[in-house]
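**Student:** model the following, please.
(2 chains)
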Amino acid sequence: MLEIIQNYWLLLLIGEYPHGKLGGLAMTLIISFVSLIVTFPCAVLIALARTGKPGIIQSIANGFVHSVRAIPLLMLIFWAYFAVPMIIGFPIDAAFTLIVAIVIYQTAYLGEIIAAGITGLPKGQREAAAALGLGYVPTMFRIILPQAIFNVIPGIVNQLTTIIKESSLGSIIAVSELSYVMLQVNSNEVTKPLQIFGILAAVYFVLCFALSQATNWLERRISSRRTGQVVVEAVA
Amino acid sequence: MIEFQNVSKWFGALQVLRDVNATVAKGTTTVLCGPSGSGKSTLIRTVNRLEPIQKGKITLAGHDIYAKDIDVNVLRSGIGFVFQQFNLFPHLSVVENVMLPLLRIRKQSRAQARPVAMQMLERVGLADKAHSLPADISGGQSQRVAIARSLILKPEVLVLDEPTSALDPEMVGEVLKLLRELSADGITMMCVTHEMGFAREVADRIWFLRNGTLTFDAEPAEFFSDEAHQDVRNFLSAVRKNR
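**Tutor:** As a prediction, the model looks like this:
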């Protein structure tokens, strides 16, 4: 196993870069990070639509969430990879395809998490904002969302670990991320699949375990802050 | 100042307000009391349209609050509202809670809003808690912050929905003291409360509601006399017994 790491560590970390495309762990992290960054505002909009007044916007958001939740991510990736170039008339980068598919998929799930954070807040928070004369936008962006998102940080971080794991599906459409690179290593080494995929599993485990530990730390911090055990000096 | 004309309201099939007709004069304090479910809180929540009415008319300084040209947010910013459960924003410090209306409604800068908010906190005796989070202060202090926040835009009317009901007995005094001071300052106040001592001392008028109907509207002297409506005497007797 050590021999594999010694021979392929650079490939595992950055793929063929600088002689070829960036790949490996770096690509996995970039896909995951970019996906989360793009997903987040989309999910906030979906959550606002889902928790807002009934109407056409809410119906569209409901339809989007129910549709996406009813199909596998792999199908979404295939659809984006094969069907979208046919529709738009030119090929698109595989990594971009993967990010788009993950963003669409995770927007539905992350949107539901944030929506749960919004509906979980006491009704009095909205009423207090309304009684002060605050309109919808300041009420949501200054009062409701900061609290709702704060309360669902563990859920958001959990979705990040899911995104990291889902990025491995990029190997199917030849995105040079971590799993794809390890598949290449497996093709070279042929007789060591147990070790190679053991290393792959270990890397994913370390990434996701570190994130879940960070989540636990955040949960403890949130809990102590809300019970008033930590005095936070607010900047006014 | 505030006039209720045949105000009725239903929650589904249940009628919670029945043809309420009453007037709150400018600069006076009106206390609303009555048994649970009598419609006291619903009635005061109609004043700033937190609860819409289905029948009747409410005017504030002569303006119909349901008129088409009324901006509900402007209407609300002119009426201070204090909730039973304080409803402070837990992610903001005490001073930020008080500053918020100045920043978001008056569009003031932080540099402008901060001294005004600190002045208001000094008035309610909580300047030293300015940087605390709501989780770090007591119930009585939270309610005083909520009152400070409701007064920061200098509203002409202050509406309070059972401001002391969620407080421990030892905290009630500090809030009532502040309300006495506000009443003496001449703000127009409507207050739902079960604190009959406060009502007797501070109110200019006391309204008694039962099953959504305003059954008695009198000055404290008459309200606490044997001349009061039978419902009122029964209610006061029950309040005394439960003490």
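**Student:** longest helix in chain A, please.
**Tutor:** Using DSSP state H to define each element, chain A has its longest helix at helix A:193-226.
**Student:** now do that one: distance to the chain's middle.
**Tutor:** 14 Å (CA atoms, centre = their mean, to the nearest Å).
**Student:** what does stretch A:90-109 give?
**Tutor:** 11 Å.
**Student:** contacting residues for A:I173?
**Tutor:** Residues in contact with A:I173 (CB atoms under 8 Å, 6 or more residues apart in numbering or on different chains) are A:77-78, A:81, A:94, A:97-98. Yep, even glycine has a C-beta here, placed from its N, CA and C like the rest.
**Student:** in helices, which of those appear?
**Tutor:** Per DSSP H, the subset of the contacts of A:I173 in helices is A:77-78, A:94, A:97-98.
**Student:** neighbours of A:V84, just the number please.
**Tutor:** Neighbours of A:V84 under the rule other CB atoms under 10 Å in any protein chain shown: 16.
**Student:** which residue packs closest to it, ignoring adjacent ones?
**Tutor:** Distance criterion CB to CB, 6 or more residues apart in numbering or on different chains; nearest residue to A:V84, sequence neighbours excluded, is A:I92 at 6.4 Å.
**Student:** swap in A:L76?
**Tutor:** Nearest to A:L76 is A:A101, by CB to CB, 6+ apart, at 4.6 Å.
**Student:** where does pLDDT dip in chain B?
**Tutor:** Applying pLDDT under 70 to chain B picks out residues B:243.
**Student:** go ahead and flag the most central residue of it.
**Tutor:** B:L160 (1.5 Å; CA atoms, centre = their mean).
**Student:** next one: phi and psi at residue 111?
**Tutor:** Just going to use chain A. Here is the backbone geometry of A:G111 (degrees, to the nearest 10): phi -60, psi -40.
**Student:** thinking again about what came up before, okay, the residue nearest to A:L76: pLDDT?
**Tutor:** As predicted, A:A101 sits at a pLDDT of 94.
**Student:** chain B: helices as residue ranges?
**Tutor:** B:40-47, B:72-77, B:94-104, B:110-123, B:139-151, B:169-185, B:196-202, B:220-223, B:230-241.
**Student:** any weak-confidence spans in chain A?
**Tutor:** A:223, A:225-236.
**Student:** if you set the cut-off to 90 instead, what comes out?
**Tutor:** A:1-24, A:53, A:80-93, A:150-160, A:174-177, A:184, A:186-193, A:195, A:211-236 (pLDDT under 90).
**Student:** what segments of it are helices?
**Tutor:** Using DSSP H, helices in chain A cover A:2-14, A:24-51, A:56-69, A:73-78, A:84-88, A:94-119, A:123-132, A:136-138, A:145-151, A:153-166, A:178-189, A:193-226.
**Student:** so which of those helices comes closest to B:R104?
**Tutor:** For B:R104, the closest of the helices of chain A is helix A:136-138, at 4.7 Å, according to CB to CB.
**Student:** return the set of buried residues in the closest one.
**Tutor:** A:P138 (16 or more other CB atoms under 10 Å in any protein chain shown).
**Student:** what's in contact with that helix?
**Tutor:** Counting by CB under 8 Å, 6+ apart, A:129, B:104 sit against helix A:136-138.
**Student:** and it, how far out from the chain middle?
**Tutor:** Taking CA atoms, centre = their mean, the mean C-alpha location of helix A:136-138 is offset from the chain mean by 26 Å.
**Student:** ok, stretch B:181-195 next?
**Tutor:** 8 Å.
**Student:** same list (the contacts of A:I173) but as TSV, adding distance to B:S138 and neighbour count.
**Tutor:** Below are these laid out as TSV (distance: CB to CB, whole Å; neighbours: other CB atoms under 10 Å in any protein chain shown):
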residue	distance to B:S138	neighbour count
A:I77	55	24
A:F78	59	16
A:Y81	60	21
A:A94	59	19
A:T97	57	23
A:L98	53	27
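**Student:** I'd guessed B:L121 sits against B:E96; true?
**Tutor:** No. Using CB atoms under 8 Å, B:L121 is not in contact with B:E96, being 11.2 Å away.
**Student:** circling back to that earlier point, would you format the helices of chain B as JSON lines with mean neighbour count and distance to A:E16 included?
**Tutor:** Shown next, in JSON lines, are these (neighbours: other CB atoms under 10 Å in any protein chain shown; distance: least, CB to CB, whole Å):
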{"stretch": "helix B:40-47", "mean neighbour count": "23", "distance to A:E16": "66"}
{"stretch": "helix B:72-77", "mean neighbour count": "18", "distance to A:E16": "58"}
{"stretch": "helix B:94-104", "mean neighbour count": "24", "distance to A:E16": "51"}
{"stretch": "helix B:110-123", "mean neighbour count": "17", "distance to A:E16": "51"}
{"stretch": "helix B:139-151", "mean neighbour count": "24", "distance to A:E16": "60"}
{"stretch": "helix B:169-185", "mean neighbour count": "16", "distance to A:E16": "69"}
{"stretch": "helix B:196-202", "mean neighbour count": "17", "distance to A:E16": "79"}
{"stretch": "helix B:220-223", "mean neighbour count": "17", "distance to A:E16": "87"}
{"stretch": "helix B:230-241", "mean neighbour count": "14", "distance to A:E16": "82"}
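**Student:** tell me the contacts of the residue nearest to A:I57 when sequence neighbours are not counted?
**Tutor:** Nearest residue to A:I57 in three dimensions, chain neighbours excluded: A:A49, at 5.0 Å (CB to CB, 6+ apart). Taking CB under 8 Å, 6+ apart, we find A:A49 in contact with A:57-58, A:60-61.
**Student:** and those residues, which are buried?
**Tutor:** Members of these classed as buried by 16+ other CB under 10 Å are A:A61.
**Student:** quick check: the two most widely separated of the contacts of A:A49?
**Tutor:** The widest separation within the contacts of A:A49 (CB to CB) is 7.4 Å, between A:Q58 and A:I60.
**Student:** measure B:G37 to B:A166 for me?
**Tutor:** 18 Å (CB to CB, to the nearest Å).
**Student:** before we move on, the earlier item: so how far is A:T107 from the residue nearest to the centre of chain B?
**Tutor:** 43 Å.
**Student:** give the contact list for B:H91.
**Tutor:** Contacts of B:H91 by CB under 8 Å, 6+ apart are A:146-147, A:150.
**Student:** which one of those sits closest to B:Q5?
**Tutor:** Of those, the one sitting nearest to B:Q5 (CB to CB) turns out to be A:Q147, at 39.0 Å.
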